[in-house]
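>>> give me coordinates for this.
(chains A, B, C and D)
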There are 2 protein chains.
Amino acid sequence: MASDQLCRVFAALADPTRRDMVARLAGGDATVGELADPYDVSVQAVSKHIRVLTDAGLVSQSKDAQRRPCHLEAEVFDLMTRWIERYRHQAQERYERLDAVLADMRGDERSTDHHLEQGAAS
Amino acid sequence: MASDQLCRVFAALADPTRRDMVARLAGGDATVGELADPYDVSVQAVSKHIRVLTDAGLVSQSKDAQRRPCHLEAEVFDLMTRWIERYRHQAQERYERLDAVLADMRGDERSTDHHLEQGAAS
DNA sequence: GCGATCTTCAACCAAGTGGTTGACAACGGT
DNA sequence: ACCGTTGTCAACCACTTGGTTGAAGATCGC
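Numbers count the residues shown, from 1 in each chain, chains lettered A, B, ... in the order given. As a prediction, the model looks like this:
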């Protein structure tokens, strides 16, 4: 399963500096030094952040002399979006079902013919 | 900005146990004990996980005697999705623009009339 | 070749995290 | 009124993490 990658991706994006770097890379590739510039931390710290992002599959690096241009890998976003949407929809459907039941109860008040029983956890 | 909440949400979902609990809650509310059941960790550990999820705004708890039924709060998902989609689209547009430029270069090879310059980071 | 530039590796540190156990608070059932 | 159930609080522990500094790799310009 890709659970491991989901862990790394979510963990990577849990840090505001790394989210900021992703935002920046969405606008175009950038070298480590360029990425480090706006923050008042050491270049080494930024290098470590990039490592985390690449391990998560969010960023790839190429070679240009001494530079290591960083490149945003957009596919991984889909992995997250898919995970999120799955459970968002599931929860949403549950509400709609509940709404239907409530509407049923309102409109069908004097009939005791309740046809329920589908939600439930395991 | 809601950056702080984004941190908490991403951090919360970086843990596989917590993601699993969210998945479970998407199928319906559950008490702390019910949530703890499938895992071989202490109830206290699960209680702490739920705390993290509620702090992130992903889960809310109500009162039913001694029980504390947990309820998934789906709105927060939108916060994440919005963040993700923003940069995914931005990156995607950049590629399309690049493709256009490449196509232009291929089709319009001998013309030196390059109309570029728009990307750039801030 | 040599120094300058860009980046990573290594060791370290303070703070945070996921787990444990033990105590305790709150509530229902009998 | 008491006991069992349910959940949280508190203190602790091993491990991870984001940061530091210092040294070492690569690679270009001269």
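
>>> which residues of chain A fall in strands?
A:59-61, A:70-72 (DSSP state E).

>>> now the helices for chain A?
Using DSSP state H, the helices of chain A run over A:3-13, A:16-26, A:32-36, A:43-55, A:75-107.

>>> now the strands of chain A as JSON lines including mean pLDDT, mean neighbour count and distance to A:R18?
Glycine gets a C-beta too; all of them are placed from N, C-alpha and C. Listed next are the strands of chain A as JSON lines, based on pLDDT from 0 to 100; neighbours: other C-beta atoms under 10 Å in any protein chain shown; distance: least, C-beta to C-beta, whole Å:
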{"stretch": "strand A:59-61", "mean pLDDT": "97", "mean neighbour count": "18", "distance to A:R18": "9"}
{"stretch": "strand A:70-72", "mean pLDDT": "96", "mean neighbour count": "21", "distance to A:R18": "12"}
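
>>> go through the ones you listed and name the closest to B:M105.
strand A:70-72 (20.3 Å; C-beta to C-beta).

>>> that closest one close to DNA strand C?
No. On the criterion C-beta under 7 Å from any atom of the strand, strand A:70-72 is out of touch with DNA strand C, staying 8.1 Å away.

>>> what comes into contact with that strand?
Strand A:70-72 has contacts (C-beta atoms under 8 Å, 6 or more residues apart in numbering or on different chains) with A:21-22, A:25-26, A:29-32, A:35, A:50, A:53, A:58-62, B:87, B:91.

>>> and chain A, which residues reach DNA strand D?
Chain A has residues A:11, A:14-15, A:17, A:40-42, A:44-45, A:48-49, A:52, A:63, A:65-66 near DNA strand D, with proximity defined as C-beta under 7 Å from any atom of the strand.

>>> which one of those residues is nearest to A:R82?
A:A11 (17.8 Å).

>>> might one say that the closest one is in contact with B:A14?
Yes. Assessed by C-beta atoms under 8 Å, A:A11 is found in contact with B:A14 at 3.8 Å.

>>> list the contacts for A:S3?
The contact partners of A:S3, taken as C-beta under 8 Å, 6+ apart, are B:16, B:19.
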